[in-house]
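[1] no sequence on this one, just coordinates:
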Ligand code: DLL
């Protein structure tokens, strides 16, 4: 059993002491071996030896995706290539991809941390775990694969199979756990329904979902349509992959693996650290990674630290579910709008699948928003134009009164916005700079 009381329930003061010691070791290592960080510290006149407590951490400059893109491919590695045993990378849709290396020890730690994620929701050696995440350059598929093997579960690497095959495997192999994006789980539910299949015919009990923002409402919908318990977990490739934060059985926020990562929440405008409990941008420092250590790394993800302790007895602090990314925030007519607000509004309208995409364009200097929304096939089959137009007007009226937005609405078929196994849906497509 990977869930070890010893680590996850450490006294806070012991944990913080451990964090400081590990932080100092990491800082030593990066100053010697990572040139962009050494240059950054020298330029800002900070000595890593001055960092003697967790509050001192804020004396160090923040780092960002740009630093890592500029280090393409291997400049940010802290060990020679001969010590690297695995390389993952981000998709690199904007600029160079970020290339993440792992030593043997890093992989060991990573699989234990993912093992914790699985154990925390009751997954164990008895389970058949079907992984629908991509196994390619993304960290998700292999991250869960090794974590699930570590706890002795039977792993079915089903990534890349089309949805009917996934369902067939689920049924025939008696899969008990599905690991995927929440969007893909919902897609599986729709396909089951379309084929008149009852989820009770499956042996599925648990869904472990992450890699994209989702809401409590969506959790409820997935649970009732697939007849499972659904859990959230969070991570990012730069920090390690999945295995950064995870829900326990109480599902009141995600515990951070604080013996390996230090979390801060900053105001993305002023860049100052916010008091515990306030919402802002998550910033992580890795304190045990050898190949790719990151110090005060801005994730772009929005959340907050939940101030009190959890009933489960873990002393690792929790973050609230990630509601979106800073760069997904749309500023239109002086309004700051997040895709999660649009999601909440669409959820309340009948006939709409909670899948949508926001396209931003510029016409004659004016910003134009197009909202593409997937609707059920039945709805589109109904070819009465007046009804469709009335429906679009209803969406627009809600957007106007609740968010002050005016958008062009396009209704599409289910799956038109893409959502193959392992793929994340891109919520905002900004064509304005193009
Ligand atoms: O998505 C790692 C992962 C895979 C985590 C599977 C959990 C499950 P990346 O592809 O590097 O890594 O994308 C990281 O995805 O910065 C967030 O914006 C978003 N994200 C990840 N988990 C969640 C979540 C993996 N539970 C980026 N809720 C992050 C909301 C999430 N957003």
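    Arrived safely, thanks for sending. Quick caveat, the model's predicted, so the values are computed rather than measured.
[2] tell me, how many residues neighbour the residue in the stretch 301-434 of the chain positioned nearest to the ligand?
    At 3.6 Å from the ligand, residue 322 is the closest residue in the stretch 301-434 of the chain, using C-beta to the nearest ligand atom. The way it works is simple: take the backbone N, C-alpha and C, and place the C-beta from them, glycine included. Per other C-beta atoms under 10 Å, the neighbour tally for residue 322 reads 21.
[3] residue 304 contacts residue 275, correct?
    No. Applying C-beta atoms under 8 Å, one finds residue 304 not in contact with residue 275, separated by 10.0 Å.
[4] higher neighbour count, those two?
    A side-by-side neighbour count of residue 304 and residue 275, using other C-beta under 10 Å, places residue 304 first with 19 against 10.
[5] for the closest residue to the more buried one other than its chain neighbours, give its distance to residue 319.
    Among residues not flanking residue 304 along the chain, residue 279 sits closest, at 4.3 Å (C-beta to C-beta, 6 or more residues apart in numbering). Distance from residue 279 to residue 319, counting by C-beta to C-beta, to the nearest Å: 10 Å.
[6] helices of the stretch 101-250 of the chain, residue ranges please.
    104-120, 140-150, 163-172, 182-194, 216-226 (DSSP state H, counting those that start in this stretch).
[7] for these, give me JSON lines that also has mean neighbour count.
    Converted to JSON lines, the helices of the stretch 101-250 of the chain look like this (neighbours: other C-beta atoms under 10 Å):
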{"stretch": "helix 104-120", "mean neighbour count": "22"}
{"stretch": "helix 140-150", "mean neighbour count": "24"}
{"stretch": "helix 163-172", "mean neighbour count": "16"}
{"stretch": "helix 182-194", "mean neighbour count": "20"}
{"stretch": "helix 216-226", "mean neighbour count": "16"}
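[8] who has more neighbours, residue 279 and residue 319?
    Taking other C-beta under 10 Å, residue 279 and residue 319 do not tie; residue 319 has more neighbours (20 against 13).
[9] longest helix of the chain?
    helix 12-33 (DSSP state H).
[10] which elements pack onto it?
    When contacts are defined as 3 or more C-beta pairs under 8 Å, 6 or more residues apart in numbering; DSSP states H and E, helix 12-33 packs onto helix 35-43, strand 280-286.
[11] how about low-confidence regions in the stretch 51-200 of the chain?
    93 (pLDDT under 70).
[12] within the sheet, what are the partner strands of the longest strand anywhere in the chain, with directions?
    The residue-count maximum for a strand in the chain (DSSP state E) belongs to strand 352-363. Taking DSSP bridges as the criterion, strand 352-363 forms sheet pairs with strand 366-375 (antiparallel), strand 428-430 (parallel).
[13] for the stretch 251-400 of the chain, what lies in contact range of the ligand?
    With C-beta under 6 Å from any ligand atom as the criterion, the stretch 251-400 of the chain comes near the ligand at residues 299, 301, 322, 325.
[14] give me the neighbour count for residue 359.
    17.
[15] shouldn't it be in contact with residue 367?
    No. Counting by C-beta under 8 Å, residue 359 does not reach residue 367; the two are 11.1 Å apart.
[16] that older thread, show me which of the residues of the stretch 251-400 of the chain next to the ligand are buried.
    Neighbour counting with 16 or more other C-beta atoms under 10 Å marks 299, 301, 322, 325 as buried within these.
[17] inside helices: which ones of those?
    Per DSSP H, helices hold no members of these.
[18] out of those residues, which sit inside strands?
    Those of those lying in strands (DSSP E): 299, 301, 325.
[19] beta partners of the second one?
    Under DSSP bridges, the beta-bridge partners of residue 301 are residue 325.
[20] so who does it touch?
    If you count contacts by C-beta atoms under 8 Å, 6 or more residues apart in numbering, residue 301 has them with 234, 236, 281, 282, 322, 324, 325, 326.
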